[in-house]
Structure formats: C-alpha cells, structure tokens
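J.: Got a predicted structure plus its sequence, pasted below:
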Amino acid sequence: MEKVAITKRKIQYALGVLWLLDGLLQLQHQMFSAAFANNVILPASMGQPPLVSGPAQFGAKVILTHPAVFDAFFATIQILIGLLILNKKYVRRGLILSCFWGLGVWLFGESLGGILSGNTNLLMGAPGAVILYVILALAVMPRLKHEPEDNRPAFWLPLVWSFLWIAGGIYQLLPGQNTTQDLSSMINTIAQGAPGWMASTDTWFANQIAHASFWLIAVIAAVEILIGLMVLIPGVYRGISLVLGSSLALVFWVIGQSMGSYFSGLMTDPNSGPLFVLLAIAILGCPAYSFHKLRKDGWKTLENFMT
C-alpha cells in the first residue's frame, strides 16, 4: 500500500474546514443573544489576572451593546477565513488573517485558555483550541513566490508538541489541580447539563478519580512529560509519543471537555482535543531536522511570515 504523505495543503484543508465549522457554530441562535458574552466570555475571564480579565470583560461589555450585530460579524469573519484557506489562490491571506484573528479570540474570548489562572490543565482544554489553530497556521504557511516551496509542515512542530505536553505535566502538579478531588470536581462541573449518557460517563470517571490516590496525579503528569520528551527522538519514540498523545487528548476531550460541549448551544469550537490530534498528524509530515540549523531556519520562518 502506498504511503500517504502529510502535506501542508492537507493540513490547510483541515484548518479551513475547522474555521468554517466555527463560523457556522457562531450562527447558533443563542449566540445572537447576551448568552454568548455572559455564559462564554465572562466565565472564561474569572480567576484571571487583571491583565487578562480586563480585555475579556471589556470585550464582553462591547458585545452586550449589540449582541446580534457582533455575532454576525464574528461568524462572517470566521467563515471568510475558512473559505480563503480552502481556496489555494488565497490560502496565505487566509492563514495570516486566521493568526491575527485567532490571537484576538485567544485573548478576548478565551482569556489565554486559562493558563494564567493557576487552575487549568490539558484535561480541561488548555491551552485553548484557537491558539493551536494559530500554531498550525504558521506551520503550514506557504512560502513567498520567489522562494522554493517546501510542501512539508514546519520542522519546529515537534518542539511545540514537546513544550505543550511538558508544560501540561508541570501544570498538573500545581495547586488547584494536583489532587484527585480537584480533578473530580473539574469533571463533575463540566458534566452538568451534558446529555444523560455523557453526564453518566463523566460522573463515573469523576467518582473513580475521587477515590484514587495522589499516585494517579503523578502518573498523569509523568505520562504527559514523557509524551513531550519522546517526540524529540526521531523514529519509533516519536511515533509512540504522537499515538499516545493523540489517544490521551481524545480521552481528555470526552471526559474533561465533553466533546466541546456541543449540546450547550454555545459551542464555539471543538475544543483542544481534536486539535492535538491534527497537530500530531501534521508532525508526521515534518522533515527530518538537525538542531544546529534551528536558529538559521527559525529566522527564515519568521521572515517568511512577516513579509
């Protein structure tokens, strides 16, 4: 059987579809009411330092002046981003627009995914789906016309994967999520309002975790750090890291993120679980890399984006 190559264009298609999905989700009827600002943006800002909560709360107040108008604008921008990315002629413009829009949403809408709150982890969706959109967009950005095109995702993606999982393991050991009671409470909270079958599944896991010892936390943190370290070793260890990380991300997506809370009517994106899987797929297409070229190629990547 012929090996399927993971190319930039295939990841671009996936990003385009995701942005279209996000735009369509923005058209849910509750999004045109005050519920979007009050039940999505403001709760995300709770417990954040003022530097993060301030912009989010300001953005929510602005949206509340004309919820329907702003929501229609948000939906239009996200659908436009998706269409531009799916069109090969305009894909670069779409990806650049997605980076700026994604960073804005990450700050004003997701409050940086809660990473500065001291009470978040990979289980609950950190660091936020939209920042993973931005990372992937940069990794598959087409080169300028006068430069030879490399159809493979950027060489630095394994480093990002490593950072995310190692940071996730460290966060898991911080106060606020370093006990089984903390994890159980988080899962029970997200289970509230979920469909019956999902709520019962989440509640069962929460109860099992509540009766476990601290060793469960230690194992979760150790596995996450191990995933982050193994990806730095090309070959079989990188493959194990990607498979294990994708599997764990999907488990987290179900029991910690309730599949993006699709049932709520206020779902804005699929949450981070599927994005970790897409990130792993993109890494499969990354070129072999020598660390002594990091600084040289890194500057080229930055120059390519800014030009």
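T.: Now that the structure is in, tell me what you want to look at.
J.: what ranges of the stretch 151-300 of the chain fall below the confidence cut-off?
T.: Flagging of the stretch 151-300 of the chain using pLDDT under 70 yields the residue ranges 289-300.
J.: I'd like the distance between the residue nearest the centre of the chain and Cys286.
T.: Nearest to the geometric centre of the chain sits Ala129, at 2.3 Å (C-alpha atoms, centre = their mean). If you measure Ala129 against Cys286 using C-beta to C-beta, to the nearest Å, the figure is 21 Å. To be clear about C-beta, it is placed using only N, CA and C from the backbone, and glycine gets the same treatment.
J.: again with Arg93
T.: The separation that Arg93 has from Cys286, given C-beta to C-beta, amounts to 24 Å.
J.: do Thr203 as well
T.: Relative to Cys286, and taking C-beta to C-beta, Thr203 is found at 40 Å.
J.: returning to that earlier point: report the contact partners of the residue nearest to the centre of the chain.
T.: Listed by C-beta atoms under 8 Å, 6 or more residues apart in numbering, the contact partners of Ala129 are Asp269, Pro270, Asn271, Ser272, Leu275.
J.: all helices for the stretch 151-300 of the chain, in order.
T.: Ranges of helices in the stretch 151-300 of the chain, per DSSP state H, counting those that start in this stretch, are 157-172, 180-191, 196-210, 214-230, 236-255, 258-261, 272-284, 294-306.
J.: ok, and for the strand or helix carrying Gly94, which residues are buried?
T.: Assigning secondary structure by DSSP states H and E places Gly94 in helix 91-108. Buried residues in helix 91-108, counting neighbours by 16 or more other C-beta atoms under 10 Å, are found at 91-92, 94-99, 101-102, 105-108.
J.: What is the nearest of those residues to Thr180?
T.: Set against Thr180, the nearest of the buried residues of helix 91-108 by C-beta to C-beta is Trp106 (29.9 Å).
J.: Pull up the per-residue confidence for that closest one.
T.: According to the per-residue confidence, Trp106 scores 96 in pLDDT.
J.: surely it meets Leu112?
T.: Yes: with contact defined as C-beta atoms under 8 Å, Trp106 reaches Leu112; the gap is 6.1 Å.
J.: Could you pull out the residues contacting both of the two?
T.: Taking C-beta under 8 Å, 6+ apart as the contact rule, the neighbours common to Trp106 and Leu112 are Gly128.
J.: Next one: Ile240 relative to Ala280, how far apart?
T.: Ile240 sits 11 Å away from Ala280 when distances are taken as C-beta to C-beta.
J.: Ser162 now?
T.: Shown here: Ser162 relative to Ala280, a distance of 12 Å by C-beta to C-beta.
J.: what's the answer for Val251, then?
T.: Counting by C-beta to C-beta - Val251 and Ala280 are separated by 14 Å.
J.: Equivalent analysis for Ser264, please.
T.: Distance, Ser264 to Ala280, using C-beta to C-beta: 27 Å.
J.: That's all I had, so thanks and see you.
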